[in-house]
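Asker: give me a model of this one.
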Amino acid sequence: MYIKKYHIGLTQWGYKEWKGIFFRDDTKPDAFLRQYSSVFNSVEGNTTFYRIPTTETIVRWGEQVPETFKFCFKFPQSITHYKRLNDVRDDTLSFLELFNPIRTKLGPFHIQLSSAFSFTEIDKLEELFQYLPGHFTYALEVRHPDFFDKGNMEREFENLLKSYSVDRVVFDTRRLHSLKNEDPSVKSAKERKPQVPVRFHSTGSFPFIRFIGANDILNNEAYLKEWSIILADWIKDGKHPYIFIHAPDTINAPVLARFFHRELSKLIELSGMPEFPANREDKQLGLF
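Answerer: The predicted structure is shown next:
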């Protein structure tokens, strides 16, 4: 049985340290995606932020996952950070065209802007939205304080998103930045992950949540239960949320995601999350 009603995933599918914990002990790298997608039904496609894959690679990824699986690929940093959306129409359309062969296996494309991209550049956003192909969906992540002012700037920004059916990415790092321990993975994550305000409403049909907290369930429990209530309400309202669970030490992310799914299952009817490949019989890995 596969998870329906919402999509849940992690930041990547190929973390080799998951062998014996999430993946089977003997798993080869070319089987990581197949095993990952036998449990989770989505993934953050961060790889495309740094490097644009070939069509052959994209097709191969699509062949390894079930029909219900959704990749959420990130726009290249060359478009969002280096060019800052200046004169990027051709680059953007060429990038998106690469994914047409697997278009039925795509969730929202993740457009992440730099913390320097402010409200003064909002016209670039509208220009971008005007030529984005309508057969794909999109989620936008902003980090500049202008977009969190609870005033005219934020209101105009969100109205723009709503008018083009673009979802606002929520990056929840509250728990991470409240941690007091000196774990190296936590310290590193704090340095790399921004601390931005959290919004609990959506601007489109596919709310997009990125959560990063502590490495253990206990220290995340209150926050993940809070998000389970919010996602349950969205689902009851006919929306289809995406949530991606991060952990300072990536090795812990699958267990945290499983905990979240169990909490959400207490609020709405969901099928159980499949057993991790490491805990399954061989025959179960080839079901799809």
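Asker: can I get stretch 32-48 in PDB, CA atoms only?
Answerer: This file holds the C-alpha atoms of stretch 32-48, laid out as PDB (Å, rounded to 0.1, in the frame of the first residue of the first chain):
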ATOM      1  CA  PHE A  32      19.000   3.500  -3.500                       C
ATOM      2  CA  LEU A  33      16.200   5.300  -5.300                       C
ATOM      3  CA  ARG A  34      14.100   2.200  -5.900                       C
ATOM      4  CA  GLN A  35      14.300   1.300  -2.200                       C
ATOM      5  CA  TYR A  36      13.700   4.800  -1.100                       C
ATOM      6  CA  SER A  37      10.600   5.200  -3.200                       C
ATOM      7  CA  SER A  38       9.200   1.900  -1.900                       C
ATOM      8  CA  VAL A  39       8.700   3.800   1.400                       C
ATOM      9  CA  PHE A  40       8.400   7.500   0.700                       C
ATOM     10  CA  ASN A  41       6.300   9.000  -2.100                       C
ATOM     11  CA  SER A  42       8.400  12.200  -2.600                       C
ATOM     12  CA  VAL A  43      11.800  13.700  -2.300                       C
ATOM     13  CA  GLU A  44      13.500  17.100  -2.400                       C
ATOM     14  CA  GLY A  45      15.500  17.200  -5.700                       C
ATOM     15  CA  ASN A  46      18.300  19.300  -4.400                       C
ATOM     16  CA  THR A  47      20.800  17.900  -6.900                       C
ATOM     17  CA  THR A  48      19.400  20.100  -9.700                       C
END
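Asker: now that stretch: average pLDDT?
Answerer: Averaging pLDDT along stretch 32-48 gives 97.
Asker: which residues belonging to it are considered buried?
Answerer: Residues 32-45, 47-48 are the ones in stretch 32-48 that count as buried (16 or more other CB atoms under 10 Å). Where C-beta positions appear, they are placed from N, C-alpha and C, glycine not excepted.
Asker: centre of the chain to that stretch, how far?
Answerer: 11 Å (CA atoms, centre = their mean, to the nearest Å).
Asker: again with stretch 17-24
Answerer: Worked out by CA atoms, centre = their mean, stretch 17-24 lies 21 Å from the chain centre.
Asker: hmm, who's touching that stretch?
Answerer: Outside stretch 17-24, the residues within contact range by CB atoms under 8 Å, 6 or more residues apart in numbering are 15, 25, 27, 31-32, 35-36, 39, 250-251, 254, 276-278, 285.
Asker: what's the farthest-apart pair in these?
Answerer: Within these, Thr250 and Leu285 form the most distant pair, 21.8 Å apart (CB to CB).
Asker: quick one: Gly9 and Glu44 touch, right?
Answerer: Yes. Between Gly9 and Glu44 there is a contact under CB atoms under 8 Å: 6.6 Å.
Asker: identify the contacts common to the two.
Answerer: Cys72, Phe244.
Asker: show me where this structure has helices.
Answerer: With helices called from DSSP state H, the chain shows them at 32-36, 47-50, 55-63, 77, 89-97, 122-131, 152-163, 174-178, 184-192, 221-236, 253-265.
Asker: tell me which of those lies nearest to Lys5.
Answerer: Closest among those, using CB to CB: helix 221-236, at 5.3 Å.
Asker: what is the nearest of the contacts of stretch 17-24 to Ile229?
Answerer: When the contacts of stretch 17-24 are ranked by distance to Ile229 (CB to CB), Pro254 comes first, at 22.4 Å.
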